[in-house]
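In: I would like the atomic coordinates for the input below:
(2 chains)
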Amino acid sequence: MELSLLLSQLFNGVSLGLLYVLMATGLTIIMGTMGVVNFSHGILFTFGAYFAYTIAGKFGFWVAIAVSPLIVGLIGIVMEIGLVRRVYGKDSLYGLLLTFGLAMSLEELVRIGWGTTGLPFSPPDFLNTFADLKIMFYPLYRLVVFGFILLLILALWFFLERTTLGKIVRAGIQDSTMVGILGVNTKALFTLVFGLGALLAGLAGALSAPMFGIMPTMGDNVIMPSFIVIILGGVGSFYGSVVGGLMLGVIVAMCIQFLPAVAELSMYLVMALVLLLRPRGLFGEEGLFE
Amino acid sequence: MMLGKKDLFRIGGVAALFAVLPLILPRVGSSVPVGTEIMIWGIFATGYNILLGGTGILSFGHAAFFGLSGYVTGILLLRAKMPLPAAIPLALAASFVAAFLIGLLIIRKRGIYFAMLTIAFGQMFYFIASQWNSVTGGQDGLTGFKRTDFLGVDIRPEIHFFYFVFLFFVLTLLLVRALRNSSIGKTLVAIRENLHRAEFLGIDVKKYQHFAFIVSATFSGLAGILYVLLLNFAFPELLYWKTSGDAVLMSVIGGMRAFFGPLVGAGVFVFLRDMISTLTHHWALPLGAIFVTFVLFFQKGILGFFERGKEG
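Out: Numbering: from 1, shown residues only, chains lettered A, B, ... in the order given. Have a look, this model is predicted:
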């Protein structure tokens, strides 16, 4: 087996995994604090890509990457205030169905707005090339995205672990009622968390568009892996979604190269295995959702 | 007696209504297969609701059993040339066994975590169906088999097949009603209402929840078998998580706490989808909006809205 092939698939796996991390982090924090399985997370990802496509056509690539996630974050905030907020504290069924119906409508909106077929989206010319890494050539755009998401994950870690607001968010995952009793404005906290999750999904969509292309169902392809990342890592755990996301990305990429028949299936097999060995997931805490 | 007079009277009424449906449907611009489809989704949703409304457990993966039994039926008819009376029990057994095994792994989990696990396991079946080309026909689906006869009765004509499904439909209503009246059914409600209290009373909660999971999955399987026979076609979307979502929505729209709620939901679902799709091919947009409205404003569903306070 060639080393360069192995290495390039490893890189592909990590960049795929980093996208999963962005998706899963938002999902897991929303799930942990508000108890809502956000099915609309996939469509927010799709929005991120389509907005980036449209904005890039008018104002260029960099403006698109910067502005599109902000718009998606704003949409998330509007969704939370207008709709999602109404199901907090009710059976988790309602949050799930609400976002399910919402995703159904919004996906159709994408079809109406941009058509049902895929759209081409290339990175800027100077990134649309291969970097010479001595042992192999690798798409430069992927490397840049790679580094960017790593920085972003570091920033997220800093936010969650080192800032007061981040600590409040983490406390909310443990027990949001208690956080409310301690005098924190949980209403605003929830809106912030949902908006942040939406922003991360939008960013993941915008960044992935030049790698994987754009189509209305693209969100479907990432929401399932993101769920599995959360199951692997443990609900509500930031470290869990980082480790789970990278693990899943690499496993999927390796299977695509060496065992293509089971590439999609592999993630479900890994999930079943982890559940057998560690029923709470790798970083899951005792007492949450049991 | 597990079925009271009132139960028999009500189920008889519903059966009578469906029995004359083939006379009515063609006159109102619809067709007989639409009625067949409503009964099939009715079986799916009514069986599913043993778990959701009856035990308080949310599964988002029952399409896996719907599709699994459907595919097994198609494969047995096509590749083993098996007669239908032999294929149906085997196809049902497939869902029974699958639900038993998956249940072993996940039944200890709670709430949304459980729901997420059911989605993930459901998707596993979806990928198997869409990629195991040599057995399932892959993305294009499984074709080349046709329903012919059941114990000598020709079920090829649409009207014959309607009454074939009708028998299973009535049987499902009777069985599910009897189950929910039984001491097992009451125990499941006790678990739904207060899990910890049920545990303190010495009830083996996990065993009962596992049982409800398996039984509901088997009814999903039955619906899947009939659906595949209706279309003479099995395709991966049968197992997709969105199909599971449809079953959940039917239960909620009709009212998951009323016995006939899921059936009403199935009827409304099929009716709305057909009606809106004749008006616009962007039917998903208004349909999704209607679901959102229901979830926000009519959480007890249509039947729950009309008969407040009553429990099924």
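
In: can you name the residues in contact with stretch A:246-264?
Out: A:5, A:9-10, A:12-21, A:225, A:228-229, A:232, A:266-267, A:269-270, B:127, B:131 (C-beta atoms under 8 Å, 6 or more residues apart in numbering or on different chains). To be clear about C-beta, it is placed using only N, CA and C from the backbone, and glycine gets the same treatment.

In: return the members of the residues you listed classed as buried.
Out: Burial by neighbour count, 16 or more other C-beta atoms under 10 Å in any protein chain shown: within those this picks out A:9, A:12-21, A:225, A:228-229, A:232, A:266-267, A:270, B:127, B:131.

In: can you give me the helices in the stretch 51-200 of chain A?
Out: Assigned by DSSP state H, counting those that start in this stretch, the stretch 51-200 of chain A shows helices spanning A:61-82, A:92-114, A:140-162, A:164-181, A:186-212.

In: let me see the contact set for B:Asp154.
Out: B:148, B:160.

In: show me the beta-bridge partners of it.
Out: B:Asp149 (DSSP bridges).

In: tell me, please, the helix or strand in chain B that averages the lowest pLDDT.
Out: helix B:301-306 (a mean of 78; mean pLDDT, DSSP states H and E).

In: which residues are in contact with stretch B:66-79?
Out: Contacts for stretch B:66-79 (C-beta under 8 Å, 6+ apart): B:44, B:82, B:84, B:86-88, B:90-92, B:94-95, B:98, B:125-126, B:129, B:135-136, B:142, B:144-147, B:220-225, B:227-229, B:233-234, B:236, B:238-239, B:243, B:247.

In: picking up where we left off before, by mean pLDDT, show me the worst of the helices of the stretch 51-200 of chain A.
Out: When those are compared on average pLDDT, helix A:164-181 comes out lowest at a mean of 82.

In: gap between it and the chain center?
Out: Put simply, helix A:164-181 sits 22 Å off its chain's centre (C-alpha atoms, centre = their mean, to the nearest Å).

In: okay, now A:Pro210: neighbour count?
Out: 25 (other C-beta atoms under 10 Å in any protein chain shown).

In: could you measure from it over to A:Tyr88?
Out: The gap separating A:Pro210 from A:Tyr88 is 37 Å, by C-beta to C-beta, to the nearest Å.

In: check B:Gly152 too.
Out: 58 Å.

In: so between the two, which is more surrounded?
Out: The neighbour comparison of B:Gly152 against A:Tyr88 (other C-beta under 10 Å) goes to A:Tyr88, with 17 against 6.

In: isn't that one up against A:Ile30?
Out: No - in this structure A:Tyr88 lies outside contact range of A:Ile30 using C-beta atoms under 8 Å: 11.2 Å.

In: overlap of the contact sets of these two?
Out: A:Val36.

In: hang on, the earlier thing: give me the buried entries from the contacts of stretch B:66-79.
Out: B:44, B:82, B:84, B:87-88, B:91-92, B:94-95, B:98, B:125-126, B:129, B:136, B:142, B:145, B:147, B:220-225, B:227-229, B:233-234, B:236, B:238-239, B:243, B:247.

In: follow-up on the earlier one: so for chain B, which of the helices of the stretch 51-200 of chain A sits nearest?
Out: Among these, helix A:92-114 comes nearest to chain B, with 3.2 Å by C-beta to the nearest C-beta.

In: in that closest one, what counts as buried?
Out: Buried-residue list, helix A:92-114, by 16+ other C-beta under 10 Å: A:92-111, A:114.

In: which among the residues you listed are in contact with chain B?
Out: Filtering the buried residues of helix A:92-114 for proximity to chain B by C-beta under 8 Å from any C-beta of the partner chain leaves A:92-98, A:100-109, A:111.

In: neighbours of A:Ile71, how many?
Out: Neighbours of A:Ile71 using other C-beta under 10 Å come to 18.

In: give the contact list for it.
Out: A:47, A:51, A:202.

In: now the closest residue to the second one other than its chain neighbours: how far from A:Ile55?
Out: Closest residue in space to A:Phe51, ignoring its immediate chain neighbours: A:Ser68 at 4.0 Å, by C-beta to C-beta, 6 or more residues apart in numbering or on different chains. Between A:Ser68 and A:Ile55 the distance is 6 Å, computed by C-beta to C-beta.

In: same question for A:Leu3.
Out: 40 Å.

In: give me the more crowded residue out of the two.
Out: A count of neighbours by other C-beta under 10 Å puts A:Ile55 above the other of A:Leu3 and A:Ile55, at 20 against 9.

In: can you pull the residues of the stretch 201-312 of chain B lying near chain A?
Out: Applying C-beta under 8 Å from any C-beta, we find that the stretch 201-312 of chain B lies next to chain A at B:241-242, B:245, B:248-249, B:252, B:282, B:284-292, B:295-296, B:299.

In: give me the most central residue, chain B.
Out: B:Phe44 (1.1 Å; C-alpha atoms, centre = their mean).

In: how about that one, secondary structure?
Out: helix (DSSP: H, G, I helix; E, B strand; the rest coil).

In: quick one, grab the pLDDT at the residue lying closest to it once chain neighbours are set aside.
Out: Residue nearest to B:Phe44 in three dimensions, not counting chain neighbours: B:Ala223, with 3.6 Å by C-beta to C-beta, 6+ apart. Looking at B:Ala223, its pLDDT is 96.

In: can I assume B:Ala223 is in contact with B:Ile40?
Out: Yes - contact criterion C-beta under 8 Å: B:Ala223 and B:Ile40 qualify, at 5.2 Å.

In: mind listing what residue 26 touches?
Out: No chain in the question, so chain A it is. Contacts for A:Gly26 (C-beta under 8 Å, 6+ apart) come out as A:38, A:41, A:196-201.

In: let's do chain B instead
Out: Here B:Pro26 is in contact with B:Val32 (C-beta under 8 Å, 6+ apart).

In: any figure for the gap between it and B:Phe166?
Out: For B:Pro26, the distance to B:Phe166 - C-beta to C-beta - is 16 Å.

In: how about B:Leu272?
Out: Taking C-beta to C-beta, one finds B:Leu272 at 23 Å from B:Phe166.

In: which helix or strand contains B:Leu3?
Out: Using DSSP states H and E, B:Leu3 is not contained in any helix or strand.

In: per-residue confidence at it?
Out: So, for B:Leu3, pLDDT stands at 83.

In: circling back to that earlier point, for the helices of the stretch 51-200 of chain A, which one ends up most surrounded?
Out: With neighbours defined as mean count of other C-beta atoms under 10 Å in any protein chain shown, the helices of the stretch 51-200 of chain A peak in mean count at helix A:186-212, which reaches a mean of 24.
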